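> need a structure here:
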Amino acid sequence: MGNGTTVQEFTLEGFPAVQRLGRLLFSVHLLAYLASITGNVVIVSVVCTSAHLRTPMYFFLGIFSFFECCFTSAVIPKLLAIFLLGKQTISFVACFIQAFVFVFIGAFGFLLIAVMSVDRCVAICKPLHYPTIMNPRTCTLLITACLAVTFAFITWVVVKVSRLSFCGPHVIPHFFCDLGPLIHLSCSDTRSAETLTFGLALLILLSSLIITIIAYSSIVVTIVRLPSARERQKAFSTCSSHLIVLSLMYGSCVFIYVKPKQTSRLESNREAALVNTVVTPLLNPVIYTLRNKQVHRALRETVCRIKMSR
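From the prediction side, this is the model:
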């Protein structure tokens, strides 16, 4: 990050239009944050402790929930400090660490969603070969590959942006450090950084979307061929929650990142980012457990074990 910058810290603008409602907004977002963390931690705990959930589907779900906790924790605590204390400054290094963690976990989440789509495809289209294909070694290799690819690409783009010159102003029109607003603040030539950021976002979103579309196309074809309506309904119910999460994630992230010019619509990006960082992590535990009888059973068993241990 040795770029000769004269800016040692940035100021996060937050939501100036509603800052007078800081205490109320703090309470609302704190409740949403605690609910999100609690829900995802419960899912991780149940997946780790329940013998009924030792399958690839729940292995991926547990990892997804763990990273959802990290994802929202990278952003929301600073937003809470802005609402309650008005602490809007963030150091140069802390800002880029926050940007790296946010973008890294977000990008990994899309690749993980694609892996979960492939898992559902194999489970429904090749049920007899599912245990052989999606064995523990394969699952571990898929997660490792996603982490390695994401880390390499995100490190590249974040280092590229951090080497830009920031001469001022140092006010970020956002409630956290994101790459688009940071590029917008730079006083050097940002064309290569904008192109790299846009290309990387397009690559990750499109690759994961194409894999997901192919997987679900195969699932739909297989479900339509099932002989009974009950079997079709059962097969589709295992994918419905996944599809809801997909629509929330892709909708907000495509709106934010897939724009050739990152300086456009920065104001509206804040609302879309709020959905991505607060609403989606809050809804995911509900979506994945509301209609899942296996998770319900595992939760009841966990509660019974806790009561018996007292």
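> hey, let's count contacts and neighbours off CA atoms from now on
Will do.
> if I pick the spatially most central residue of the chain, what's in contact with it?
Closest residue to the average C-alpha location of the chain: G106 at 4.1 Å, with Cα atoms, centre = their mean. The contact partners of G106, by Cα atoms under 8 Å, 6 or more residues apart in numbering, come to F71.
> Repeat that for L21.
Residues in contact with L21 (Cα under 8 Å, 6+ apart) are F83.
> Leaving out chain neighbours, which residue sits closest to L283?
S36 (7.6 Å; Cα to Cα, 6 or more residues apart in numbering).
> Quick check, pLDDT for that neighbour.
We have a pLDDT of 90 for S36.
> any idea which element it lies in?
helix 22-49 (DSSP states H and E).
> Is it correct that the residue nearest to L283 is in contact with I287?
No. Using Cα atoms under 8 Å, S36 makes no contact with I287, being 12.0 Å away.
> and R120, how far is that from L111?
Going from R120 to L111 by Cα to Cα, to the nearest Å gives 14 Å.
> Those two: who's more crowded?
A count of neighbours by other Cα atoms under 10 Å puts L111 above the other of R120 and L111, at 26 against 23.
> Any stretches of the protein with poor pLDDT?
Low-confidence segments of the chain (pLDDT under 70): 1-6, 231, 234-242, 252-269, 289-292, 306-307, 309-310.
> which stretches of it form helices?
All helices of the chain, identified by DSSP state H, fall at 22-49, 56-73, 76-85, 92-125, 130-133, 136-162, 179-185, 191-225, 229-257, 266-274, 280-290, 293-309.
> which residues are contacting the third one?
Counting by Cα under 8 Å, 6+ apart, the neighbours of helix 76-85 from elsewhere in the structure are 14, 19, 21-23, 25-26, 29-30, 33, 87-88, 175-176, 277-278.
> what residues does stretch 25-43 touch?
So stretch 25-43 is contacted by 62, 65-66, 68-69, 72, 76, 80, 83-84, 278-279, 281-286 (Cα under 8 Å, 6+ apart).
> Now do the buried residues in that stretch.
25-26, 29-30, 32-33, 35-37, 39-43 (16 or more other Cα atoms under 10 Å).
> With stretch 215-228 instead?
A215, Y216, S218, I219, V220, T222, I223.
> Make TSV from those residues and add distance to P181 to it.
Listed next are those as TSV, based on distance: Cα to Cα, whole Å:
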residue	distance to P181
A215	35
Y216	35
S218	39
I219	39
V220	40
T222	44
I223	44
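> farthest pair in those?
A215 and I223 (12.3 Å; Cα to Cα).
> what about the residue nearest to F151 when sequence neighbours are not counted, distance to T55?
Nearest residue to F151, sequence neighbours excluded (Cα to Cα, 6+ apart): F104, at 6.5 Å. Using Cα to Cα, F104 is found at 26 Å from T55.
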